[in-house]
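Peer 1: okay, predicted coordinates and the sequence, questions at the end:
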Amino acid sequence: MAKTIRRSSASTTTNFCDLPESVLLHILSFLPIKDAVTTSSLSKAWRYLWAHSPTLRFHQPLITPDPTAIDGWIFSSFVHQVLHRHHQSNLQSLHIQFDYANQALAPHIDTWILIAARNNIRELHLDLSGDWRDDHNSHNPRYNLPLSFLRSVPISVLKISRCNLVPAGGAPFRFLRTLFLSDVELTDETVSGLIDGCQELENLTLESCYGIKHLKISSMRLKDLAIKFYRGKNSLVEIDAPNLASFCCMHYIADEFRFKDMLSLVNAFVHFEHEAECFHSWRNIVKFLSHVRNLTTWNWWGEERYTGMFFEDVFPGSLPQTGEVLEKLFPGSLPQLKTGEFLEKFFPGSLPRLTTSDFFEKFFPGCLPSLKVFKISAFRGTENELELVKFLLKHGMALEEVIFDPNDKYGFTDQPPPEFLAERFQEVRAFPRYSSHTKILLL
């Protein structure tokens, strides 16, 4: 498609429809397919342009707003029509999201995947949970995805939700770099086989997957790992990923965690719900993260209703001083920690012992010599927050910034009046500092 420049005495402009075809196709790739098809009415130049789009996005609520509409047949028929009218040789990315409630549609899904495989697709997103992640679809059938369909496909991104995986012999994903599995039943052997067969895998997310007892992840190339929402009894997590740079664990409850050779880890996010059984998993993970540069964690140390229960559970028969507990939780004093982000839940003002400098001396022995940035999210101006900051300012040899963020994006606590926070902030500014170059910021 030729590019036409229309000139005027005042300026030079380019008509939107006169942009190069490659640019228009790139724009179309971001649209849901129903919107992309409607561009046919814009002009003759647009009439069949959508059929060359490298990306097709089928999102059921935008096509059939009623998730129960004839058990998905309307949606399935629409997908068939579009795929058969599309110039499939241009297809690089296929996104399908709908509520799989009728097992008779399985052959249709087979056909869609085979079309994608035949055209050497690069990305496949198959989400059969729909937009209605409620109890209504918990009894729906599950589609069995034959991995053999993708055996020789140079696919680099595979995202699957609410399917059963049918393993294939050999290594079907030689080029896969990103794997996302959500609400998928997995066995230990299936996980090991997938990882062993994905020699180029760099990003792995396991979310709400079940059936795993011993999650073993061993990979030389893995850079980003997220494990989320799992409860297992007699379960073990074992991770050996020397090039892992980012790790996320959200409410993944296991009896034991083992981490090996993770010295490349830069960013870690660890979050568990406020339940007694979660503390064991949280503690077992965090104690391995003493070398991480950026650590974001939620916990209950100052949560009065939980503290005694957790410590009594971890140290039966005695309730040691909080500082001793934290020394055991953080062996090595987190010497490499560069950035710490702590929520109001970290020190919510309910534990009087936190206001003593002796506590912080035990909590941060060695004064965290590498700590450069310290951030308190959901800042509420409590005495515990101020005492902690006073200690860090006094001893922070490398501390460059202390950041107070009163915004509570998690919605757990009420925000105090701005005037109160401003007064507390001024108090902090008057605290003595190890370095005069340390900045104190209120967002």
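Peer 2: Good, I have the coordinates. Source: prediction; values computed, not measured. Residues are numbered from 1 along each chain as shown.
Peer 1: state the mean pLDDT of stretch 398-409.
Peer 2: The pLDDT scores in stretch 398-409 average 81.
Peer 1: how about it: buried residues?
Peer 2: Leu399, Val402, Ile403, Phe404, Asp405, Pro406, Asp408 (16 or more other Cβ atoms under 10 Å). All C-beta atoms are positioned from the backbone trio N, CA, C, and that covers glycine.
Peer 1: switch the residues you listed over to JSON lines; also include secondary structure.
Peer 2: Listed next are the buried residues of stretch 398-409 as JSON lines, based on DSSP: H, G, I helix; E, B strand; the rest coil:
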{"residue": "Leu399", "secondary structure": "coil"}
{"residue": "Val402", "secondary structure": "strand"}
{"residue": "Ile403", "secondary structure": "strand"}
{"residue": "Phe404", "secondary structure": "strand"}
{"residue": "Asp405", "secondary structure": "strand"}
{"residue": "Pro406", "secondary structure": "coil"}
{"residue": "Asp408", "secondary structure": "coil"}
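Peer 1: could I get the full set of strands for the stretch 1-150 of the chain?
Peer 2: All strands of the stretch 1-150 of the chain, identified by DSSP state E, counting those that start in this stretch, fall at 5-7, 12-14, 55-59, 93-97, 123-127, 143-146.
Peer 1: which one of those strands lies closest to Ala116?
Peer 2: Nearest to Ala116, of all the strands of the stretch 1-150 of the chain, is strand 93-97, at 4.9 Å by Cβ to Cβ.
Peer 1: what inclination does that closest one have with respect to strand 55-59?
Peer 2: On the basis of axes from the mean of the first three to the mean of the last three Cα atoms, to 10 degrees, strand 93-97 is oriented at 0 degrees to strand 55-59.
Peer 1: give the buried residues for strand 93-97.
Peer 2: Buried residues in strand 93-97 (16+ other Cβ under 10 Å): Ser93, Leu94, His95, Ile96, Gln97.
Peer 1: doesn't Pro416 lie inside a strand?
Peer 2: No - secondary structure of Pro416 (three-state DSSP): coil, not part of a strand.
Peer 1: contacting residues for it?
Peer 2: Residues in contact with Pro416 (Cβ atoms under 8 Å, 6 or more residues apart in numbering) are Arg380, Gly381, Pro406.
Peer 1: switch to 6 Å and redo it
Peer 2: Pro416 makes contact with Arg380, according to Cβ atoms under 6 Å, 6 or more residues apart in numbering.
Peer 1: now it: how far from Arg429?
Peer 2: Using Cβ to Cβ, to the nearest Å, we find Pro416 at a distance of 18 Å from Arg429.
Peer 1: now do Ile403
Peer 2: Ile403 sits 13 Å away from Arg429, going by Cβ to Cβ.
Peer 1: check Asn243 too.
Peer 2: According to Cβ to Cβ, Asn243 and Arg429 sit 42 Å apart.
Peer 1: which of these two has more neighbours?
Peer 2: Taking other Cβ atoms under 10 Å, Asn243 and Arg429 do not tie; Asn243 has more neighbours (15 against 12).
Peer 1: let me know the helix or strand that the more buried one is in.
Peer 2: When elements are assigned from DSSP states H and E, Asn243 belongs to no helix and no strand.
Peer 1: ok, now Ala268?
Peer 2: Assigned by DSSP H and E, Ala268 belongs to strand 267-271.
Peer 1: tell me which helix or strand comes right after that strand.
Peer 2: Counting by DSSP H and E, the element after strand 267-271 in chain order, helix or strand, is helix 276-286.
Peer 1: next, the angle strand 267-271 makes with that following helix.
Peer 2: Using the same axes, to 10 degrees, helix 276-286 lies at 170 degrees relative to strand 267-271.
Peer 1: I appreciate the help and will end here.
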